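[1] Give the three-dimensional model of this entry:
(2 chains)
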Amino acid sequence: MNFVRWRAVARKEFLHIRRDPRSLALSLAVPLLLLLMFGWALTLDVDRIPTYVYDWDGTPESRALIDQFRGSRYFDIQRYVHAYAPVDKQVDLSHILMVLVVPRDYARDILEGREADVQVIFDGSDSNTASIALGYAQSVIAVYGAELRSEAQIRRGAGKLKAAVDPRIRVMYNSDLESKNFIVPGLIAVTMMIIAALLTSLTVAREWETGTMEPLLSTPLRPAEIILGKLSAFFTLGFTDMLICVLVGVFIFHVPFRGSVWFLMFSSFLFLFGALCWGILVSTLARSQLVAYQVGILTSFLPAFLLSGFIYSIENMPKVIQAITYVVPARYFVSILKGVFLKGAGIRILATETAFLFVYASLAFFLAVKKMRQKVA
Amino acid sequence: MPTNSASAVSIRALVKRFGSFVAVDHVTLEVSKGEIFGFLGPNGAGKSTTIRILCGLLEPTEGAATVGGMDVATQSELIKQHIGYMSQRFSLYDDLTVEENIDFFSGIYGVAEDKAAARKDYVLKMAGLQHRRSSLTRLLSGGWKQRLALGCAILHEPPILFLDEPTSGVDPIARRQFWDLIYQLSGAGHTIFVSTHYMDEAEYCHRIALMYAGKVIALGTPAELKQSLESHQILYVESSDIRGSMTLIEKLPGVTDVAVFGGGLHVTVDNAETASPSIRRTLDDAHISTMQIERIQPSMEDVFVAKIEQEERNAA
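    Here you go, the predicted structure:
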């Protein structure tokens, strides 16, 4: 390892970046764009569910029930209808997601102390949203039902009825249960993985294609020096992207940041180093810019997006897929990011994840050097 | 580097196979210090492969070679500090300026900082690029790029230079200028190992090896190689009907080859003394007027064609 040679390569790579302002702008804009797009679009929160109401009963009692839905921010009552026909059509058009149907005898049943039925129709084609909406609707009706029962008891002079079990719920870390708080930190890992692949996948392949690699290998330049020189330049870019992502997360999406900045820097360093080495390895193996780019994106973006637990929780995956996630470095970084952002966790709690990132970074570097060392043909 | 050995490059029974294809087939040769050694042959003859092995870019399948007394199989990292290599695709960075390219190669060759500025000036002057030091390399013409690439390969003053078809794709004037540089470098004590497929460039070399299908089929000074063609004497024939005379001459005994050359014919014969009158007679009989029949020195191209034909006859 010779510092002068390393520095010469790094300087050359910086010049390449400077001479290509469009790519430079792209590499800074892409993470910002990804983060904003995903951060706003990829929301799992369900609220303002478009709802129709079909009130057959038309009594003060039925209106009282409907008011429970009107008062909730989770439902948006768009229209009152008086037949099933418009309902079917609107569901088919995906204009509405839920229909609350109050049957004709609702008030009479309530007043006579019988159990009253209420029909709720859902569009189940988006199962996730439907099941969340179903939960909301059930809880609105259950709470209101309990209230009615208790009022009835009081009217009969039996005193207020106490519930047998009264849950007191405390949600730790993401107390508003806002999905952006858990998506944005994970998104940083995915974005960094894409950027690392974008930055590096072309670098070695380009040198092979333009014929500059061969003379480099005829000089005293060592593979490790080539890789570290290239890394110095890309790392500067990548780390800038990383900081942009963190700042956007904290200041635009207002994701709470509870952990140590230093630990975040340290783990980002490990992750970025590994991801960049991986990109260089892919580029070395491919030797053609097009192939390198495709393989780079495929092997970095897809696993980071699907198998990192960034949005699809690993616990719910089939066992085989779960096993595969252990070799996806983004998995560990996503855990670290969520821990640092939301829980304020440090290296003691995230030691395993940090260790895995370290192993990944070393392995990727080692393989990249080894492959680079191979001869021309 | 060890200086005790007299030869700069020594190759013994070198073989390189790619699968079943034999790119280099038992090549043996020596290059003395300070020599301009030319590697001549058509594309695909194995010239580049041999040079790449010598530069430590490829590993030999069999045989041995030393560069500056160092073994290519075991000491390639050491060799790399003592050679300059220029590939046929002037390996420069197009998006860097002339000066930045020089600085980069200066850095990776580990040119000492107190010497780097002087070496840069030397290279800029040698390539005639003093006034274009801040130009992007992309904007340079082929000849400039070629001289810059050569300059970048000699920044660290390597005793041995490997130039792999350095003149392909540049204009004749630039080629001429390039050879002037090679002479300069040779005069300064560099050993130069250069490959080319331009026959005229062979004349500039001190010694040449003709390579064909992975084998060295002739080795010597240009004069020696021409003399070796004793059985192939060449007559230059100019007549009023070139096509007509060609078909007639081909049928004559003692004629091995007839080829159109400029405005006349190159006729390869076993014996010029007897062939000359018989050609004249034949053309007279066919009422073709003969302007000129003259024995000429074979060119390098004649030598090369003759050697390849001989090689192919032997193989058949």
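[2] quick one: pLDDT of the residue most central in space within chain A?
    Residue closest to the mean C-alpha point of chain A, counted by Cα atoms, centre = their mean, is residue A:183 at 3.4 Å. pLDDT recorded at residue A:183 is 83.
[3] With residue A:162 instead?
    Looking at residue A:162, the pLDDT reads 61.
[4] First-to-last residue distance for stretch B:48-63?
    17 Å (Cα to Cα, to the nearest Å).
[5] Pull out the buried positions in the host helix or strand of residue A:245.
    Secondary-structure assignment from DSSP states H and E places residue A:245 in helix A:223-247. Residues of helix A:223-247 classed as buried: A:223-235, A:237-239, A:241-242, A:244-246 (neighbour count, 16 or more other Cβ atoms under 10 Å in any protein chain shown). From N, CA and C alone the C-beta is placed, and that goes for glycine too.
[6] I'd like the mean pLDDT over it, please.
    Here the average pLDDT along helix A:223-247 is 92.
[7] any idea how far residue A:277 is from the residue nearest to residue A:329 when sequence neighbours are not counted?
    Leaving aside its chain neighbours, residue A:329 sits nearest to residue A:360 (4.4 Å; criterion: Cβ to Cβ, 6 or more residues apart in numbering or on different chains). According to Cβ to Cβ, to the nearest Å, residue A:360 and residue A:277 sit 9 Å apart.
[8] and the stretch 101-250 of chain B, which of its residues are near chain A?
    Residues of the stretch 101-250 of chain B found near chain A (Cβ under 8 Å from any Cβ of the partner chain) are B:103-110, B:136, B:153, B:162.
[9] Let me see the ranges of the strands in chain A.
    A:49-55, A:75-81, A:98-102, A:119-122 (DSSP state E).
[10] Relative to residue A:368, which of those is closest?
    strand A:49-55 (50.3 Å; Cβ to Cβ).
[11] Buried residues, stretch B:282-291. List them.
    Neighbour-count burial for stretch B:282-291 [16+ other Cβ under 10 Å]: B:282-283, B:290.
[12] Could you tell me the end-to-end distance of it?
    Stretch B:282-291 end-to-end distance (Cα to Cα) = 14 Å.
[13] now swap in stretch A:90-105 and tell me
    26 Å.
[14] Touching it from outside, list them.
    For stretch A:90-105, the external contacting residues (Cβ atoms under 8 Å, 6 or more residues apart in numbering or on different chains) are A:49-57, A:62, A:65-66, A:69, A:75, A:78, A:87, A:116-123, A:125-126, A:129-130, A:133, A:137.
[15] Buried by neighbour count, from those residues: which ones?
    Among the contacts of stretch A:90-105, the ones that count as buried by 16+ other Cβ under 10 Å are A:49-55, A:57, A:62, A:65-66, A:69, A:75, A:87, A:116, A:118, A:120-123, A:129-130, A:133, A:137.
[16] So residue A:360 and residue A:277 - more neighbours on which side?
    Neighbour comparison, residue A:360 and residue A:277: the larger count goes to residue A:277, with 26 against 23 (by other Cβ atoms under 10 Å in any protein chain shown).
[17] Please verify my assumption that that one contacts residue A:228.
    No: with contact defined as Cβ atoms under 8 Å, residue A:277 does not count as touching residue A:228 (9.9 Å).
[18] so where's the chain shaky on pLDDT?
    Here I'm looking at chain A. A:44, A:158-164, A:166-167, A:169-177, A:375-377 (pLDDT under 70).
[19] you looked at the wrong chain, it should be chain B
    B:1-5, B:231.
[20] In it, which residue sits closest to chain A?
    Relative to chain A, the nearest point of chain B is residue B:107 (2.4 Å; Cβ to the nearest Cβ).
[21] Give me the neighbour count for that residue.
    By the measure other Cβ under 10 Å, the count of residues near residue B:107 is 25.
[22] Quick check: which element contains it?
    Following DSSP H and E, one finds residue B:107 within helix B:98-108.
[23] residues contacting residue A:312?
    residue A:306.
[24] show me the contacts for the residue nearest to residue A:329.
    Taking Cβ under 8 Å, 6+ apart as the test, what residue A:360 contacts is A:270-271, A:274, A:329, A:332.
[25] Excluding chain neighbours, give the residue nearest to the residue of chain B closest to chain A in space.
    residue A:8 (2.4 Å).
[26] Does that neighbour touch residue B:102 like I think?
    No: using Cβ under 8 Å, residue A:8 is not in contact with residue B:102; the gap is 11.1 Å.
[27] which one of those two has more residues nearby?
    Using other Cβ under 10 Å as the criterion, residue A:8 and residue B:102 rank with residue B:102 on top: 26 against 23.
[28] Excluding residues flanking it in the chain, which one is nearest that one?
    Residue B:102's closest residue in space is residue B:120 (Cβ to Cβ, 6+ apart), at 5.1 Å.
[29] quick check: angle from the one helix or strand that neighbour maps to to helix B:98-108?
    In this assignment (DSSP H and E), residue B:120 forms part of helix B:113-127. Interaxial angle, helix B:113-127 versus helix B:98-108 (axes from the mean of the first three to the mean of the last three Cα atoms, to 10 degrees): 130 degrees.
[30] residues in contact with residue B:236?
    Neighbours of residue B:236 in contact, by Cβ under 8 Å, 6+ apart: B:261, B:264-267, B:292-296.
[31] what's the nearest residue to the residue nearest to the centre of chain A if we skip its chain neighbours?
    Spatially, and ignoring its direct neighbours in sequence, residue A:183 is nearest to residue A:42 (5.7 Å; Cβ to Cβ, 6+ apart).
[32] And residue A:339, by the same measure?
    Sequence neighbours aside, residue A:345 is the residue nearest to residue A:339 in space, at 3.6 Å (criterion: Cβ to Cβ, 6+ apart).
[33] returning to that earlier point: and the helix holding residue B:107, what other elements does it pack with?
    If you count contacts as 3 or more Cβ pairs under 8 Å, 6 or more residues apart in numbering or on different chains; DSSP states H and E, helix B:98-108 packs onto helix A:3-18, helix B:113-127, helix B:142-153.
[34] Tell me which other helices or strands the second one touches.
    Helices and strands touching helix B:113-127, by 3+ Cβ pairs under 8 Å, 6+ apart, are helix B:98-108, helix B:142-153.
[35] so how far is residue A:78 from the residue of chain A found nearest chain B?
    In chain A, the residue that lies nearest chain B is residue A:8 (2.4 Å; Cβ to the nearest Cβ). Residue A:8 sits 67 Å away from residue A:78, going by Cβ to Cβ.
[36] hang on, the earlier thing: could you measure the residue nearest to residue B:107 against residue A:221, distance?
    From residue A:8 to residue A:221 the distance is 8 Å (Cβ to Cβ).
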